[in-house]
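Q: Sequence and predicted structure are below.
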Amino acid sequence: MKSPAAMRFRIGVAFAAVVSLAPAAATGQAVARREKASPHAVARTVSNREMLRAAQAFLGTLPEAPRRQAIYPFADEERFNWHFVPRDRKGLPLRDMNEAQRKAAMNLLRTALSEQGMDKAREIMELEVILKELEGLPPENDRRHPEKYYFTVFGTPADGEVWGWRVEGHHLSLNFTTATGKVVAETPAFMGANPAIVPSGPQQGKQILKQEADLGFALLHSFTPEQLQKVILAQTAPNEIVTGNSRKATLRTPEGIHYAEMTPDQQKMLRQLLELYLGNYRPELAADLRRKVEGAGMDQLHFAWAGHRTPETGKAHYYRIHSPVILIEYDNSQTNANHVHTVVRDLTNDFGEDALREHYLKHKHGK
């Protein structure tokens, strides 16, 4: 059994060894000249091509048995079987990969996430080592393991094909779908942290999702007593994100304070909070979600809060950003309110279902 330090080092090496994707901008310019498409269409096309190449490269490193383990048919229900609890998954875990395979898997992840997002993903994985130490689990117990993060490809990554992929483990679930030569979905996207703030040991005070907490409280504390009457949904925080791991997000009607009822400074803070979550994605994918929110109308955004209003140990709290097209939830209530769950849901297109419906209709009618 490797030491905790060795496990953290191995994960760090896997992330650091990712092949640079710096030529993307030049590639995008070439595509733009060639296709004379809109900047938005070009960005999504370039992102898809990078994902496609990275997925093919990853699968190309796998011998027959692990390759079969990593691939599922696109239509398989497993594609929707997402969760964020510590459990075994379908797919190929990092711990069963050699160095070249881990490097290729992380290269695939980098085609979807920004540096900020990659850092959070790495730290979430490494937090399993700290959690194991805090729980006093014996070395042979692998319930907490920084390499129990599974890569799963759905369908066949190829030009003109509909396919998708997922990376998932405890407190991390990222799902992507591509069709018609574009990335058409980047949700559900879950990131969590337990402990939210490391209470002891060499990394005492470490807080992976600190900005999500700080900006949420800053916005809450900016409201007047009159505004708070609309902001506060309940005095007690839910014990979990409300939508859980549902295939389709169940919260449909936005509650809380309306964007139009905020002052300009409060609106700015809400936009900053929104951008923090979108900023986990590569810029072109973040722009896709941002464009959807803006298209539905920024004035459709709502902010709501439940639970305690001060960031103290043991004080459970919850907030959400909600519009007809997007839902972002933050919950810190479990483990004496030192255990954060966050999720981003596209209310019109989780798992690409809306985009795929349109794609299949066009294909059916030969358009």
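A: Arrived safely, thanks for sending. Residues are numbered from 1 along each chain as shown.

Q: make it CA atoms for all contacts and neighbour counts henceforth
A: OK.

Q: and residue 327, bridged to which residues?
A: Applying DSSP bridges to residue 327 gives these bridge partners: residue 322, residue 345.

Q: Could you report the distance from it to residue 51?
A: Look at residue 327 and residue 51: by C-alpha to C-alpha, to the nearest Å, they are 25 Å apart.

Q: neighbour-wise, which of the two wins?
A: Set side by side, residue 327 and residue 51 show more neighbours around residue 51, with 25 against 21, by other C-alpha atoms under 10 Å.

Q: Near the residue lying closest to residue 154 once chain neighbours are set aside, how many other residues are there?
A: The shortest distance from residue 154 to any non-neighbouring residue, by C-alpha to C-alpha, 6 or more residues apart in numbering, is to residue 74 (4.4 Å). Using other C-alpha under 10 Å, the number of residues around residue 74 comes to 17.

Q: ok, now residue 231?
A: Residue 231 has 22 neighbours, counted by other C-alpha under 10 Å.

Q: Next, the distance between the ends of stretch 69-76.
A: 14 Å.

Q: Hmm, I typed the wrong one, I wanted stretch 222-235.
A: First-to-last residue span, stretch 222-235, C-alpha to C-alpha: 18 Å.

Q: Figure out how far that stretch is from the centre of its chain.
A: Relative to the centre of its chain, stretch 222-235 is centred 28 Å away, using C-alpha atoms, centre = their mean, to the nearest Å.

Q: Show me what secondary structure element comes after the host helix or strand of residue 270.
A: For residue 270, the enclosing helix or strand under DSSP states H and E is helix 264-278. The helix or strand immediately downstream of helix 264-278 is helix 283-296, counting by DSSP H and E.

Q: Would you mark the buried spots in the helix or strand following that next one?
A: Proceeding N to C from helix 283-296, the next assigned helix or strand is strand 302-307, under DSSP H and E. Judged by neighbour count (16 or more other C-alpha atoms under 10 Å), strand 302-307 contains these buried residues: 302-307.

Q: Which of those residues sits closest to residue 131?
A: Residue 131 lies nearest to residue 307 out of the buried residues of strand 302-307, by C-alpha to C-alpha, at 25.4 Å.

Q: where does this protein have low pLDDT?
A: Scanning the chain for pLDDT under 70 picks out 1-46, 359-367.

Q: can you list the domain ranges for this structure.
A: 4-187, 210-348 (automatic domain parsing).

Q: contacting residues around the helix or strand residue 335 falls within?
A: Assigned by DSSP H and E, residue 335 belongs to helix 334-337. Helix 334-337 is contacted from outside by 239-240, 313-317, 340, using C-alpha atoms under 8 Å, 6 or more residues apart in numbering.

Q: quick one: buried residues of it?
A: Result for helix 334-337 [16+ other C-alpha under 10 Å]: buried residues 334, 337.

Q: what about it, distance to the chain center?
A: That offset, for helix 334-337, works out to 22 Å (C-alpha atoms, centre = their mean).

Q: since we're on residue 76, how many residues are nearby?
A: 11.

Q: so residue 319 sits in a strand?
A: Yes: Residue 319: assigned to a strand according to DSSP: H, G, I helix; E, B strand; the rest coil.

Q: hang on, the earlier thing: among the contacts of helix 334-337, which one lies nearest to residue 298?
A: residue 317 (24.9 Å).

Q: Show me the beta-bridge partners of that closest one.
A: Residue 317 has the following beta-bridge partners by DSSP bridges: residue 307, residue 332.

Q: so residue 247 touches residue 80, yeah?
A: Yes: with contacts counted by C-alpha atoms under 8 Å, residue 247 reaches residue 80, the gap being 6.1 Å.
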